[in-house]
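Participant: Sequence first, predicted coordinates after that:
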Amino acid sequence: MLRNGGVVVYPTDTIYGIGCDLMNRRAVERLCQIIAIKPQKLNLSFICSDLSHISEYVKRIDTPIFKILKNALPGPFTFIFESSTHVPKILGVNKKTVGIRIPDHPIPLAIVKELGNPLITSSIKNDDQFKEYTTDPEEIFTDFKSKVDLVIDGGAGGNVPSTVVDFTADEPEIIRQGLGDFDAYL
């Protein structure tokens with residue numbers, strides 16, 4: 001389904017995500033329509049299966065940073081790096097940075113391993129101003145059944161997103177404090 005351009009909602013170690021095959025441009029365009037974002041404004045993350053998978057999409061990872069990643073992943077983090085030259089070719093837009101995730105959850109990891117390449121992903125959000133992230137798979141199914149091809153019920157999800165850490169400058173910077181405690185890995 002993903003190889004044929006499908007879009008899926010799935011659980012992670014933080015909150016439910018929505019994503020598609022990174023290598024299917026039509027699916028990426030469809031994902032952008034579903035989450036109402038223009039491809040030029042695309043700041044989505046890639047779900048990778050392991051650290052070796054990441055190296056295709058980031059410009060470089062220095063040894064101290066690699067050690068941090070090795071200890072922190074899989075886990076509730078999104079790490080931002082300068083993108084490799086491979087990323088703009090895939091997305092058709094010039095992206096200078098890329099967010100990378102390896103969630104500590106068997107479902108997205110199994111999907112990525114079986115697919116053979118990353119999912120491009122975003123967190124699902126509920127339009128209800130009182131509840132920023134949807135946690136109930138049945139509610140998610142009701143909200144997304146006419147928009148996506150598959151909703152995977154992994155049980156109740158969390159309502160705290162990943163911690164986002166920017167590695168594009170000399171020192172790592174926490175952009176969004178979420179579930180992960182990044183200071184524990186410094």
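Facilitator: Received it, and whenever you're ready, just let me know what you need.
Participant: Tell me the helix or strand right after the helix or strand bottoming out on mean pLDDT in the chain.
Facilitator: Taking mean pLDDT, DSSP states H and E as the measure, the chain has helix 86-91 as its least confident helix or strand, at a mean of 76. Downstream of helix 86-91, the first helix or strand assigned by DSSP states H and E is strand 97-101.
Participant: Tell me which residues are up against that following strand.
Facilitator: Residues from elsewhere that reach strand 97-101, judged by C-beta atoms under 8 Å, 6 or more residues apart in numbering: 12, 43-48, 54, 57-58, 77-84, 87, 121, 162, 164, 168. For every residue, glycine as well, the C-beta is placed using N, CA and C.
Participant: Wait, residue 163 touches residue 174, no?
Facilitator: Yes. The criterion here is C-beta atoms under 8 Å, and residue 163 meets it with residue 174 at 6.5 Å.
Participant: Which of those two has more residues huddled nearby?
Facilitator: For residue 163 and residue 174, the more surrounded residue by other C-beta atoms under 10 Å is residue 163, and the numbers stand at 22 against 14.
Participant: And the more buried one, what's its pLDDT?
Facilitator: What the model reports for residue 163 is a pLDDT of 97.
Participant: Who are the packing partners of the helix or strand hosting residue 8?
Facilitator: Per DSSP H and E, residue 8 falls inside strand 7-10. The contact analysis (3 or more C-beta pairs under 8 Å, 6 or more residues apart in numbering; DSSP states H and E) places strand 7-10 against strand 17-21, helix 25-34, helix 106-115, strand 150-151.
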